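>>> structure for the following, please:
(one chain, ligands or ions: 1)
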Amino acid sequence: MKRVLFLIADTGGGHRAAAEALVAALEQVAEPGAVACRIVDFMKETARAPFNRAGDMYGPVVNYAPWLWGLSFYATYPRPVRWIGTTYIEKVYGAGLARIFREERPDIVVSVHGLATTAVARVLRRVAPQTPFVVVVTDLSVAHPFWFCPDATAYYVPSQDVAARARRYGVPASRITVAGQPIHPRFGEPQGHPADLKRAFGLPPDRPLVLIMGGGEGTGPLRAQAEAVAQSGLPLSLMVVCGRNKRLYRRLSAQEWPLPTVVCGFVRDIPTRMAAADVLITKAGPGTIAEALTAGRPLLIGEYIPGQEAGNVSWVVDGGAAFYTPKPSDIIAALHQLFDTAGRPTPRYEAMAAHARRMAQPDAALTIARGLLDLLGDRPAPTPSAAAV
Ligand code: UDP
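Sure, this is the predicted structure:
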């Protein structure tokens with residue numbers, strides 16, 4: 001049995017979701033019992049307090065001071081700053097990572113987080129120099145240079161934009177595969193008829209359903225967006241997924257809504273909810289965008305986290321599958337372009353749904369899983385060496 005170790009951090013829901021998608025895909029493509037996967041939050045499981053709680057800061061920072069996040073994103077581009085950052089990560093998390101590598105003895109290490117790259121490669125080289133180190137980038141367009149470690153064995157990236165950035169930051173082209181954003185294979189499977197799914201959620205089967213999400217943390221002006229949907233004057237219904245944002249969940253559940261509405265916290269059945277929905281309003285999270293495209297649903301992008309999500313907006317809007325709707329009035333105008341006053345989808349809706357299906361890459365996780373299996377069969381693989389950042 002081959003052991004696959006995934007490194008993530010729960011900064012948002014996307015990294016864990018991508019790792020879980022890859023585990024599910026490996027279970028589909030490998031012989032039964034051939035691989036054992038473990039997902040490790042490299043911040044929580046390797047360091048003592050307060051350093052193990054660094055990832056917990058992400059949600060509050062992007063929610064309450066997104067400008068601060070954007071500032072630190074771009075301020076850490078220059079090479080000397082990245083060198084300091086990498087040295088810090090190695091110092092704080094290196095000993096714990098080395099312990100995990102010694103205990104787990106993985107046959108391959110797969111990073112699904114932009115901070116678990118160069119420092120991890122250094123530690124892995126010291127502890128298990130023959131172990132392949134693979135990086136799966138989970139930003140659709142503007143991936144931070146921290147993601148790129150020229151000596152990783154292989155890179156899987158979601159788009160040509162990210163492939164170009166990887167080459168710019170020193171990753172040899174021969175090691176880069178454009179596979180798509182890894183989403184759970186369930187998103188590509190039939191979920192049932194939307195009318196039946198709506199009924200199962202307690203919503204009317206004949207009204208278009210607007211699904212509002214804000215990533216794993218419930219980030220963004222979800223309440224204002226829900227109110228815009230309610231004020232659109234269209235015969236719609238509404239579902240708001242608040243993720244781990246408990247305060248938002250309490251507020252929205254206590255509110256009276258003038259249209260059929262379901263409010264929930266963090267849920268595990270997003271594939272079914274997206275299949276039930278007719279349109280999605282979301283921040284520009286890469287996982288949610290890729291999932292909605294696979295479901296063939298047009299998107300209204302309400303906002304983006306400055307930094308890594310900025311490029312996601314133009315990527316999906318230019319692709320014809322989304323409107324950028326930062327203001328409530330933009331949401332109302334977009335909904336009137338997508339549905340007529342009787343709630344029937346317009347030709348514009350059909351065109352955007354077709355663009356969404358064209359942009360979708362439902363098999364990305366399976367493609368990456370097959371690549372990982374190939375690497376596991378091809379050992380010894382190139383040795384990761386500590387790259388200069
Ligand atoms: N998600 C989920 N349950 C929820 C809310 C979100 O499973 O209640 C998943 C969502 O389907 C997606 C991920 O969390 O796979 C969010 O990732 P994304 O990249 O969109 O945003 P992030 O949370 O990383 O900012």
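>>> helices or strands next to whatever helix or strand Ser329 lives in in the packing?
Element membership for Ser329, per DSSP states H and E: helix 328-338. In terms of contacts (3 or more Cβ pairs under 8 Å, 6 or more residues apart in numbering; DSSP states H and E), helix 328-338 is packed against helix 222-230, strand 279-283, strand 299-303, strand 322-324, helix 347-359. Using the backbone N, CA and C atoms, a C-beta is placed for each residue, glycine as well.
>>> at 10 Å what do you get?
strand 209-213, helix 222-230, strand 279-283, strand 299-303, strand 322-324, helix 347-359 (3 or more Cβ pairs under 10 Å, 6 or more residues apart in numbering; DSSP states H and E).
>>> mind listing what's buried in that helix?
Going by neighbour count (16 or more other Cβ atoms under 10 Å), the buried part of helix 328-338 is 328, 330-332, 334-335, 338.
>>> circling back to that earlier point, between the helices and strands packed on helix 328-338, which one is nearest to the ligand?
strand 209-213 (6.0 Å; Cβ to the nearest ligand atom).
>>> by how many degrees do the closest one and strand 279-283 diverge?
Relative orientation of strand 209-213 versus strand 279-283 (axes from the mean of the first three to the mean of the last three Cα atoms, to 10 degrees): 10 degrees.
>>> quick one, what contacts Lys2?
When contacts are counted by Cβ atoms under 10 Å, 6 or more residues apart in numbering, Lys2 is found next to 26, 30, 34-37, 106-108, 372-373, 375-377, 379.
>>> now swap in His336 and tell me
Per Cβ under 10 Å, 6+ apart, neighbours of His336: 232-234, 346, 348.
>>> outline the domain layout of this protein.
For the chain, automatic domain parsing gives the domain ranges 2-183+363-376, 186-359.
>>> doesn't Pro326 make contact with Pro221?
Yes. Pro221 lies in contact with Pro326 (Cβ atoms under 10 Å); the separation is 9.0 Å.
>>> identify the contacts common to those two.
Common neighbours of Pro221 and Pro326 (Cβ under 10 Å, 6+ apart) are 302-303.
>>> how are the strands of the chain distributed by residue range?
2-8, 35-41, 108-111, 133-136, 154-157, 176-178, 209-213, 237-241, 261-264, 279-283, 299-303, 322-324 (DSSP state E).
>>> in its sheet, what does the second one sit against?
Here strand 35-41 is paired, per DSSP bridges, with strand 2-8 (parallel).
>>> got a list of what Gly371 touches?
Counting by Cβ under 10 Å, 6+ apart, Gly371 has contacts 134, 136, 154, 156, 177, 179.
>>> can I get stretch 254-266 in CSV, CA atoms only?
C-alpha atoms of stretch 254-266 as CSV (Å, rounded to 0.1, in the frame of the first residue of the first chain):
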residue,chain,number,x,y,z
ALA,A,254,-33.8,35.0,12.5
GLN,A,255,-34.8,37.3,9.6
GLU,A,256,-38.3,37.2,7.8
TRP,A,257,-37.9,36.7,4.1
PRO,A,258,-40.5,37.7,1.5
LEU,A,259,-39.7,34.8,-0.7
PRO,A,260,-39.2,31.1,-0.1
THR,A,261,-35.8,30.9,1.7
VAL,A,262,-33.5,28.3,3.2
VAL,A,263,-30.6,29.3,5.4
CYS,A,264,-27.9,26.8,6.4
GLY,A,265,-24.5,26.8,8.0
PHE,A,266,-21.5,24.6,6.8
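>>> thanks again, I'm all set now.
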